[in-house]
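K.L.:
Got a predicted structure here, sequence first:
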Amino acid sequence: MKKGKVIIFSAPSGSGKSTLVRYLMSKDDSFTFSISATSRPPRGEERNGVEYFFFSPEEFREKIAAGEFVEYEEVYKDRFYGTLKSQVEAQLEKNNILFDVDVKGGCSLKNYYGDRALFIFVQAPSVDELRNRLVGRGDTSPEEMEKRLAKAEYEMTFAQRADVVIVNDSLEKAQAELLEIVNKFLSE
Ligand code: ADP
Ligand code: 5GP
């Protein structure tokens with residue numbers, strides 16, 4: 001029997017998933033972050049093998065054909081993202097794992113891991129606020145940003161599929177809520 005528990009974070013881009021994942025990892029060292037593969041180029045200071053494994057779309061398609069993913073999605077056109085089996089299988093023998101995935105990936109992982117997983121949906125107060133946050137983050141081109149915002153309302157409808165919804169309005173409040181929810185889940 002595998003040991004680790006699984007926490008899945010999903011939300012529209014800009015909601016604050018990465019911020020909350022980083023916070024949780026700083027507070028609880030029992031978690032390993034699942035490094036996904038993607039066919040998008042690195043953004044800002046991102047490094048291969050740290051935030052993501054970066055591949056060309058062709059390389060990504062070869063890995064799909066070779067059955068190397070637990071799940072993958074074409075989240076935006078020609079922008080593939082996926083969870084590599086090689087990343088999670090060994091880790092879960094000894095650690096808890098955190099996933100930051102799109103809403104469909106979140107549903108797939110929840111189906112796959114069942115009660116061993118907690119599916120957390122991070123909700124920003126509004127689409128306008130998502131825009132403000134993406135602009136504030138300063139690493140997304142206007143074209144890329146529009147693609148992300150165009151999908152946000154649809155993605156928000158997935159909140160009902162999650163085990164819990166954390167509203168990330170006040171960051172401090174969301175962080176406190178997150179710790180409480182995760183501690184309860186880990187103690188069950
Ligand atoms: P995601 O990973 O969901 O795309 P990020 O964690 O990168 O989102 O957050 C997007 C931007 O919003 C970042 O610049 C982050 O610092 C900021 N941010 C996160 N949470 C809040 C919050 N509660 N209030 C205001 N800004 C926030
Ligand atoms: P970003 O380009 O902002 O890093 O990520 C874009 C979207 O892809 C986010 O919603 C993020 O959670 C999602 N994502 C990242 N990795 C994966 C993955 O392995 N699988 C799936 N399905 N989505 C992912």
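P.N.:
Happy to help now that I have it. Here the structure is a predicted model, which means the values were calculated and not measured. Numbers count the residues shown, from 1 in each chain. Ligands and ions are numbered 1, 2, ... in the order given.

K.L.:
Could you use CA atoms for every contact and neighbour count after this?
P.N.:
Will do.

K.L.:
any idea how far ligand 1 is from Gly106?
P.N.:
13 Å (CA to the nearest ligand atom, to the nearest Å).

K.L.:
cool, Val70 as well?
P.N.:
For Val70, the distance to ligand 1 - CA to the nearest ligand atom - is 21 Å.

K.L.:
cool, Val182 as well?
P.N.:
Look at Val182 and ligand 1: by CA to the nearest ligand atom, they are 18 Å apart.

K.L.:
Looks to me like that residue is in a helix.
P.N.:
Yes: Val182: assigned to a helix according to DSSP: H, G, I helix; E, B strand; the rest coil.

K.L.:
what does the model give it for pLDDT?
P.N.:
You'll see Val182 listed with a pLDDT of 97.

K.L.:
residues contacting it?
P.N.:
For Val182, the contact set (CA atoms under 8 Å, 6 or more residues apart in numbering) is empty.

K.L.:
quick one: the helix or strand bottoming out on mean pLDDT in the chain to chain centroid distance?
P.N.:
Least confident helix or strand, the chain: helix 85-91 with a mean of 89, by mean pLDDT, DSSP states H and E. Relative to its chain's centre, helix 85-91 lies at 16 Å (CA atoms, centre = their mean, to the nearest Å).

K.L.:
hmm, whatever helix or strand comes next after that helix in reach of ligand 1?
P.N.:
Once the chain leaves helix 85-91, the next helix or strand it forms, by DSSP states H and E, is strand 96-100. No: shown here: strand 96-100 not in contact with ligand 1 (CA under 6 Å from any ligand atom), separated by at least 7.8 Å.

K.L.:
Kindly report the same for stretch 10-26.
P.N.:
Yes: using CA under 6 Å from any ligand atom, stretch 10-26 reaches ligand 1 at Ser13, Gly14, Ser15, Gly16, Lys17, Ser18, Thr19.

K.L.:
The residues you listed in helices, which ones?
P.N.:
Counting by DSSP state H, the part of these found in helices is Lys17, Ser18, Thr19.
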